[in-house]
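Trainee: coords below, sequence missing:
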């Protein structure tokens, strides 16, 4: 009887582990233990969506860059940067799950040697993969109902943004980095703005590279977009330098249809460039298009 009582006490004191769940990741379907008690996150897309779900990780990278994320992770242990994990800090934290991806993807093999690690990179289809990650985090953390609410709200907002830009012309996406300017096409890192919004390209021959095609002001003038979408990299990462407005405010760009008609959208560069697949970041960008092109 004593042995049975002792066994019962031990089992009662032991941590309860939920059944694993199968979720979509960068590597395809993977098995993850549900409701991990201690979580380290090395991806801003993930931090954005987890925050929307009401999940607060115990380990986070630094710097965060995005003000709304910085407030939410206040008090969490810093376990390195997006590019370089602090292995000693991770060992001290002892996470039950590590969420990596994007800028930390190269560190996934190292992280996986320390704790269960899932690669949640979003590379090709920001909207499709971003929504898949939303569903995955909902399943892992028991937030399915909240994930469904966020998905429905996003779908409605996407419909509204798509309607707002319909018939407004062809677009060109550019990113400034101080005085330098690059263009991005429909298959590039910001291409979901074309595909998800049914927004036609003004030039379908833009090189599809990670860092965009280096272009001149003459190029912008020649393709003459009706809509100009602008990402300011220096603003996104908090560095000083010439702003996107100052870079583009010149006779050649001012002569485009986009500039003349006021159809220039300076998007929230931090949201798009740093956390482009996060559910709140994508929603914020859609809000900007609704505000810029909504019903007059």
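Mentor: Perfect, thanks for sending it. For clarity, every value in this text was computed on a predicted model and none was experimentally measured. Numbers count the residues shown, from 1 in each chain.
Trainee: which is the succeeding secondary structure element to the helix or strand where residue 229 lies?
Mentor: For residue 229, the enclosing helix or strand under DSSP states H and E is strand 227-232. Next along the chain after strand 227-232, taking DSSP H and E as the criterion, comes helix 233-236.
Trainee: what are the contacting residues of that following helix?
Mentor: Contacts to helix 233-236, defined as C-beta atoms under 8 Å, 6 or more residues apart in numbering, come from residues 65, 175-178, 240-244, 269-270, 272-274. All C-beta spots, glycine's among them, are computed from the backbone N, C-alpha and C.
Trainee: for stretch 180-191, same thing?
Mentor: Outside stretch 180-191, the residues that touch it by C-beta under 8 Å, 6+ apart are 172-175, 194-195, 201, 203-217, 219-220, 229, 231, 247-248, 272, 276.
Trainee: again, 6 Å this time
Mentor: 173-175, 194, 201, 206, 208, 212-215 (C-beta atoms under 6 Å, 6 or more residues apart in numbering).
Trainee: which members of the contacts of helix 233-236 occur in helices, if any?
Mentor: Residues of the contacts of helix 233-236 located in helices (DSSP state H): 244, 269-270, 272-274.
Trainee: which one among the residues you listed gets closest to residue 290?
Mentor: Checking these against residue 290 with C-beta to C-beta, the nearest one is residue 272 at 15.3 Å.
Trainee: and the closest one, what does it touch?
Mentor: 231, 285.
Trainee: try residue 177
Mentor: residue 233.
Trainee: any idea what it is bridged to?
Mentor: For residue 177, the beta-bridge partners under DSSP bridges are residue 180.
Trainee: how about the nearest residue to residue 254, chain neighbours excluded?
Mentor: residue 260 (7.5 Å; C-beta to C-beta, 6 or more residues apart in numbering).
Trainee: per-residue pLDDT of the one you found, please?
Mentor: At residue 260, the model reports a pLDDT of 97.
Trainee: all the strands of the stretch 51-200 of the chain, residue numbers only.
Mentor: For the stretch 51-200 of the chain, applying DSSP state E, counting those that start in this stretch gives strands covering 59-60, 77-78, 97-100, 117-119, 171-177, 180-184.
Trainee: what's the most buried one of these?
Mentor: strand 97-100 (a mean of 26; mean count of other C-beta atoms under 10 Å).
Trainee: show me what that strand is packed up against.
Mentor: Packing contacts for strand 97-100, counted by 3 or more C-beta pairs under 6 Å, 6 or more residues apart in numbering; DSSP states H and E, involve strand 39-42, helix 108-112, strand 117-119.
Trainee: now do the closest residue to residue 64 other than its chain neighbours, the pLDDT please.
Mentor: Nearest residue to residue 64 in three dimensions, chain neighbours excluded: residue 70, at 4.5 Å (C-beta to C-beta, 6+ apart). Model confidence at residue 70, given as pLDDT, is 88.
Trainee: can you check residue 51 too?
Mentor: Looking at residue 51, the pLDDT reads 97.
Trainee: burial of the residue nearest to it when sequence neighbours are not counted, as a residue count?
Mentor: Nearest non-adjacent residue to residue 51, counting by C-beta to C-beta, 6+ apart: residue 72, 4.6 Å away. Residues within reach of residue 72, counting by other C-beta atoms under 10 Å, total 21.
Trainee: and for the strand or helix carrying residue 221, what's in contact with it?
Mentor: In the assignment (DSSP H and E), residue 221 maps to helix 217-223. For helix 217-223, contacts defined as C-beta under 6 Å, 6+ apart pick out 202-203, 250, 252-253, 255.
Trainee: please state the offset of that helix from the chain centre?
Mentor: Remark: helix 217-223 is offset 30 Å from the chain centroid, using C-alpha atoms, centre = their mean, to the nearest Å.
Trainee: quickly list the domain ranges of this protein.
Mentor: Residue ranges for the domains of the chain, per automatic domain parsing: 17-144, 168-293.
Trainee: in TSV: those, plus distance to residue 155.
Mentor: Formatted as TSV, these follow (distance: least, C-beta to C-beta, whole Å):
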stretch	distance to residue 155
domain 17-144	9
domain 168-293	11
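Trainee: give me the contact list for the lengthiest helix in the chain.
Mentor: If you go by DSSP H, the chain has its longest helix at helix 144-165. With contact meaning C-beta under 6 Å, 6+ apart, helix 144-165 is reached by 52-53, 134-135, 138, 197-199, 279, 283, 286, 289-290, 293-294.
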